[in-house]
Structures are given as C-alpha cells and as structure tokens.
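In: This is a predicted model, with the sequence first.
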Amino acid sequence: MLEYYYVKPATVDRILANVAGAYIEHYVSWLRAQGYADRNVFRRVPILCQFGEFASARGATDGQTALDHIDAFAQHWLSIHGKSCNSDIARAKVAYDARNPVRQMLELALYGSVGPHRQRKPFPFESEAPGFASYLRDERGLR
C-alpha cells in the first residue's frame, strides 16, 4: 500500500525497515480504507517512523510495550516542534497531532480496530429541560 503514496522504492524500503514498518503499512491501508485524504498519510507516516525509532531506543520490543511510550513521544515531539507555539492550546494541538496517529496505529495493530477517544459534551440544557435531548434524538431524528 505504501507504493501507492511513495514513488521512490527507497522511501518505501526505508519505511518498512523501520521498527514499526509493518504496523505503519497496515495503518496506511486502514487510512485508505477509511477514506482519509492522501495528505493525512504524508503528514502521519514521518511521525510514525520517528515514533518507531523513539520507542525502540527506549526499549520497546513490540506494539504492546510501545504503548507505554506514546505520551513520552508526544512530549518529545512537542519539545521539538512546539517551540513557536504562543498558547497552551497550540501546544496541546501539536502534542495531539503526534499522539493521535501513534495511538491509532498501535490500537489497530494490537486490537484490530480503532475506537473513538473524544469526550462528548453533555447536552447543554439537560438540567433545565430533562428528557429534551432524548426527545430530539428519538422523535425528531437528531444525531
């Protein structure tokens, strides 16, 4: 699947030679099947390659042991790529952009699927109008 995105065979070989190369290739296939835009692959694969090197340098031998290094990698990525961030929100976005593809790749490799990790906001008027959210969902078709 990497051959679809990268023209040079040397680039594909370099990605596959990475410690996480097989996971990366599987993740790229999943991204394509989910309908992600090509730019997501080009943005995420370098992050994943660096994570593979980062985790193996810290003693990770497989995907299960690599899970322990996700947050440390996000902080490492932030220290390098977040120098120009002027706000906490911008710094959090940089860390999230490094953490999310790694988490998705490892979940896909270890568990076979990727689950959502967003916290849903509660319905804003639940205390003022109890049951109104369920009415909107069930009777009016709100998603």
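Out: Arrived safely.

In: any weak-confidence spans in the protein?
Out: Confidence mapping of the chain against pLDDT under 70 gives the ranges 117-118.

In: Quick one: name whatever helix or strand follows the one helix or strand V28 maps to.
Out: Applying DSSP states H and E as the criterion places V28 in helix 21-34. Counting by DSSP H and E, the next helix or strand C-terminal to helix 21-34 is helix 38-57.

In: and the helix holding V28, what does it pack onto?
Out: For helix 21-34, the packing partners by 3 or more CB pairs under 8 Å, 6 or more residues apart in numbering; DSSP states H and E come out as helix 2-5, helix 9-17, helix 38-57, helix 88-111. The C-beta positions use only the backbone N, C-alpha and C, and glycine is treated the same way.

In: The residue nearest to the spatial centre of the chain: what's it in contact with?
Out: Closest residue to the average C-alpha location of the chain: P101 at 1.9 Å, with CA atoms, centre = their mean. P101 sits next to 27, 44, 47-48 when contact means CB atoms under 8 Å, 6 or more residues apart in numbering.

In: Could you check how far it is from Q50?
Out: Relative to Q50, P101 is positioned 11 Å away (CB to CB, to the nearest Å).

In: Next: T61.
Out: 18 Å.

In: Compare those two and say which is more crowded by neighbours.
Out: Neighbour count, other CB atoms under 10 Å: between T61 and Q50, Q50 has more, with 18 against 10.

In: How about residues contacting stretch 9-19?
Out: Stretch 9-19 has contacts (CB under 8 Å, 6+ apart) with 2-3, 6, 21-22, 24-25, 45, 49, 52-53, 55-56, 60.

In: same check, this time on stretch 32-40
Out: Residues contacting stretch 32-40 (CB under 8 Å, 6+ apart): 1, 4-5, 31, 41.

In: Out of those residues, which end up buried?
Out: The neighbour count (16 or more other CB atoms under 10 Å) marks 1, 5, 31, 41 as buried among these.

In: correct me, but the second one touches E25?
Out: No. Under the criterion of CB atoms under 8 Å, Y5 is not in contact with E25, lying 10.6 Å apart.
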